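Chemist: Sequence plus the predicted model coming up.
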Amino acid sequence: MNAIADMTCAGLTQAYRNGVLSPVEAAQDVLARIERHAKLNAFLPIEPDAVLAAAKESEARWRAGARNCSPRPPRTPRTAPRWWCRPT
C-alpha cells in the first residue's frame, strides 16, 4: 500500500501544515497510481497538467500560510459565501 493514498484528509492537512508533504507530491502520487491502474479504465479523462497546476497553487498558499480557501463550487446557491474558508 502507498502511504499517501492511505492518508485521511485530516492526515494530509496536518502533513501539509507541518511541511512533511506537499500538495504537489500528493497530486503526483495520485497521477502515478492512476497510470499504474490504467487498464481498469475506471477514470474519466485526466488532465495531469491542470492537476499539477492546481497542486502548485495550493502548495504556494500553504507555504505562504494563507487560509485554506477555494472558490465556491458550481451550482451552489448564490446566498452561499463566495469563498469557502477555514482558518489554518
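Modeler: Good, I have the coordinates. Just so we're clear, the structure is a prediction, and the values are computed from it rather than from any experiment.

Chemist: Let's see stretch 18-35 as PDB, backbone CA atoms only.
Modeler: Written as PDB, here are the backbone C-alpha positions of stretch 18-35 (Å, rounded to 0.1, in the frame of the first residue of the first chain):
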ATOM      1  CA  ASN A  18       4.000  20.600   9.000                       C
ATOM      2  CA  GLY A  19       5.800  20.700   5.700                       C
ATOM      3  CA  VAL A  20       6.200  16.900   5.600                       C
ATOM      4  CA  LEU A  21       4.200  16.600   2.400                       C
ATOM      5  CA  SER A  22       3.200  19.000  -0.300                       C
ATOM      6  CA  PRO A  23       0.000  19.100  -2.400                       C
ATOM      7  CA  VAL A  24       2.300  18.600  -5.500                       C
ATOM      8  CA  GLU A  25       3.700  15.400  -4.000                       C
ATOM      9  CA  ALA A  26       0.200  14.100  -3.200                       C
ATOM     10  CA  ALA A  27      -1.000  15.000  -6.800                       C
ATOM     11  CA  GLN A  28       2.000  13.300  -8.400                       C
ATOM     12  CA  ASP A  29       1.300  10.200  -6.300                       C
ATOM     13  CA  VAL A  30      -2.400  10.100  -7.400                       C
ATOM     14  CA  LEU A  31      -1.500  10.600 -11.000                       C
ATOM     15  CA  ALA A  32       1.100   7.800 -10.800                       C
ATOM     16  CA  ARG A  33      -1.500   5.500  -9.200                       C
ATOM     17  CA  ILE A  34      -4.000   6.200 -11.900                       C
ATOM     18  CA  GLU A  35      -1.300   5.500 -14.600                       C
END
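
Chemist: Just give me how far that stretch sits from the chain centre.
Modeler: 8 Å (C-alpha atoms, centre = their mean, to the nearest Å).

Chemist: Per-residue pLDDT of the closest residue to residue 4 other than its chain neighbours, please?
Modeler: Counting by C-beta to C-beta, 6 or more residues apart in numbering, the nearest residue to residue 4 once its immediate chain neighbours are dropped is residue 29, at 4.4 Å. (C-beta placed from N, C-alpha, C; glycine too.) Residue-level confidence at residue 29 comes out at 94, pLDDT.
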